[in-house]
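this one's sequence-less:
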């Protein structure tokens, strides 16, 4: 449970979209201690027959700039080492969907409406950007990471992120290359796991153009590249984005 309060969010030290440091008045809320896993999502699909965005045939009217022959169900995949240029390491794979993940890993290849549908099914909601960031801070507002100012604590990585030359090779010094099972790293001071790294997470918040706010960074975040595996960091994406590094968790408000 995250108690009601007036919290500090944002940062003046990093990207423009994180500025300025500001206050957020929040009511009490509960947030999942871990990201929704493939096993969790499978229960939802088995009981409801739900079909994700990545599994549906895209409509030509929604993608006028794309050739008709390319409009097939699928999702985005990052292939390390394909090119030294990050954008060339991404590819759209027909038929790629959430079922490729392992049971204990965070479910990915999930678009915003998929995450929201699951949240409603379990009687919850998706967090706002402010709720998510406060939960990620773990009671330590103002620090670079929930655990302090350094990537490592006593020589150990505290989250599943990228080590090595990005996007060429992930050295896996944190123990993982790619997604890690949830709860593979120590929780923050509120007892919440994996708020940093592993998979980006959907929030309900959006910008003036309707793009949704992602929080938390992922296993593809490198300190030498984006360094967005911090509570204040964010990424803006289209609602129908579906990739190998975007997942979610839910909240319940009393």
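All right, it came through fine. Here the structure is a predicted model, which means the values were calculated and not measured.

for the residue nearest to the spatial centre of the chain, which non-adjacent residue is spatially closest?
In the chain, the centroid-proximal residue (Cα atoms, centre = their mean) is residue 200; its distance is 1.3 Å. Leaving out its chain neighbours, the residue that sits closest to residue 200 by Cβ to Cβ, 6 or more residues apart in numbering is residue 214, at 4.2 Å. C-beta here means a position set from N, CA and C on the backbone, and glycine is covered the same way.

distance of residue 159 relative to residue 54?
Taking Cβ to Cβ, to the nearest Å as the measure, residue 159 falls 26 Å from residue 54.

low-scoring stretches of this protein, by residue?
60-70 (pLDDT under 70).

quick check: longest strand of it.
strand 200-206 (DSSP state E).

and the helix or strand that that strand is followed by, how far out from the chain middle?
Proceeding N to C from strand 200-206, the next assigned helix or strand is strand 212-215, under DSSP states H and E. What separates the centre of strand 212-215 from the centre of its chain is 8 Å, taken as Cα atoms, centre = their mean, to the nearest Å.

which elements pack onto strand 212-215?
Strand 212-215 sits against helix 129-137, strand 200-206, strand 234-237, with contacts defined as 3 or more Cβ pairs under 8 Å, 6 or more residues apart in numbering; DSSP states H and E.

direction included, what does the last one pair up with?
Strands that pair with strand 234-237, judged by DSSP bridges, come out as strand 212-215 (antiparallel).

show me what the strand it pairs with is in contact with.
112, 129, 132-133, 136, 200-207, 231, 233-239, 241, 246 (Cβ atoms under 8 Å, 6 or more residues apart in numbering).

one more: stretch 162-170?
Taking Cβ under 8 Å, 6+ apart as the rule, stretch 162-170 contacts 78, 80-86, 89, 157, 171-174, 177-178, 219-222, 224-225.

could you flag which of the residues you listed are buried?
78, 80, 89, 157, 174, 177, 219, 220, 221, 222 (16 or more other Cβ atoms under 10 Å).

roughly how far apart are the last one and residue 120?
To tie it back to what came earlier, the one meant is residue 222. 35 Å.

cool, residue 101 as well?
22 Å.

more crowded one of these two?
Neighbours per residue (other Cβ atoms under 10 Å) separate residue 101 from residue 120, with residue 101 holding more: 22 against 12.

contacting residues around that one?
Counted by Cβ under 8 Å, 6+ apart, residue 101 has contacts 38, 107, 108, 109, 179.

if we use 7 Å, what do you get?
Shown in contact with residue 101 (Cβ atoms under 7 Å, 6 or more residues apart in numbering): 38, 107, 108.

phi, psi of the first one?
Comment: the main-chain dihedrals of residue 38 come out as phi -60, psi -40, following degrees, to the nearest 10.
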